[in-house]
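A.B. asks: could you look at this predicted model? Sequence included:
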Amino acid sequence: MFKQLIDKAIYLKIVSSENREIYEYGLTNLFYSLLVWSIFLLSAFLFGFFPSALFFLLAHIPLRIYAGGLHFSTRIRCFIASLFIFAAVLFFPLAFPSFKLCETINPFIILGLIIILFFAPVEDPRKPLEVSESLHHRKISRILGINYVILYFIFYLFSFFHAAYFIGAGVLLVTLQLLTGKILSPIKL
């Protein structure tokens, strides 16, 4: 998909030809991620949740990067799973009042933080982390997790329930991805 772009970058000596596969992999993953996030944000805009959906992505993406968790064996499986998960995140505030959603997830937010503190990072067996990377990812995921949970409760206490729900959903989704990644890591999905 990005072959011509990479060929041009190699020709201009911006990148080396020996790293071609890495650049193709990275650009393809970036494309799929941007596509999923764009679909999510467009859907959120159509349902009137755009600002709150930004809170979700701002909480979910960095925490997911550093905490790790479940990874699918193919991009298309990841793409489809992401679309379903993001659709569910958008569905709940359409079906239930944000205040009720927050009341429901409050205890799970604390449990989610505990799981992040104890289990992150969960590595992808196809890309193991070095010890120094693992320690760095653990530190950053802990800092992010604590800050997002504090932010969640600040929004909750000041009755910004929509924003609180979307931040909480971002944290809880990473928590589920951590647990499923930990449990299913030996299984190739």
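C.D. replies: On my side now, so go ahead.

A.B. asks: for the helix or strand hosting I114, packing partners?
C.D. replies: Using DSSP states H and E, I114 maps to helix 98-119. Applying 3 or more C-beta pairs under 8 Å, 6 or more residues apart in numbering; DSSP states H and E, one finds that helix 98-119 contacts helix 131-157, helix 161-184. From N, CA and C alone the C-beta is placed, and that goes for glycine too.

A.B. asks: give me the buried positions along that helix.
C.D. replies: Within helix 98-119, the residues that count as buried by 16 or more other C-beta atoms under 10 Å are 98, 101-102, 105, 109, 112-113, 115-116, 119.

A.B. asks: how far away is R75 from F31?
C.D. replies: 9 Å (C-beta to C-beta, to the nearest Å).

A.B. asks: what does E133 give?
C.D. replies: 25 Å.

A.B. asks: dump the helix holding I114 to PDB, restricted to CA.
C.D. replies: Extracted C-alpha coordinates of helix 98-119, given in PDB (Å, rounded to 0.1, in the frame of the first residue of the first chain):
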ATOM      1  CA  SER A  98     -24.200   9.400  31.500                       C
ATOM      2  CA  PHE A  99     -24.800   9.800  35.200                       C
ATOM      3  CA  LYS A 100     -26.100   6.200  35.500                       C
ATOM      4  CA  LEU A 101     -23.200   4.900  33.400                       C
ATOM      5  CA  CYS A 102     -20.700   6.600  35.700                       C
ATOM      6  CA  GLU A 103     -22.500   5.300  38.800                       C
ATOM      7  CA  THR A 104     -22.200   1.800  37.300                       C
ATOM      8  CA  ILE A 105     -18.500   2.000  36.400                       C
ATOM      9  CA  ASN A 106     -17.200   3.800  39.500                       C
ATOM     10  CA  PRO A 107     -16.100   0.700  41.400                       C
ATOM     11  CA  PHE A 108     -14.700  -0.800  38.200                       C
ATOM     12  CA  ILE A 109     -12.500   2.300  37.600                       C
ATOM     13  CA  ILE A 110     -10.700   1.600  40.900                       C
ATOM     14  CA  LEU A 111     -10.400  -2.100  40.100                       C
ATOM     15  CA  GLY A 112      -9.100  -1.200  36.600                       C
ATOM     16  CA  LEU A 113      -6.500   1.100  38.100                       C
ATOM     17  CA  ILE A 114      -5.300  -1.700  40.400                       C
ATOM     18  CA  ILE A 115      -5.100  -4.100  37.400                       C
ATOM     19  CA  ILE A 116      -3.100  -1.500  35.500                       C
ATOM     20  CA  LEU A 117      -0.700  -0.900  38.400                       C
ATOM     21  CA  PHE A 118      -0.100  -4.600  38.900                       C
ATOM     22  CA  PHE A 119      -0.100  -6.100  35.400                       C
END
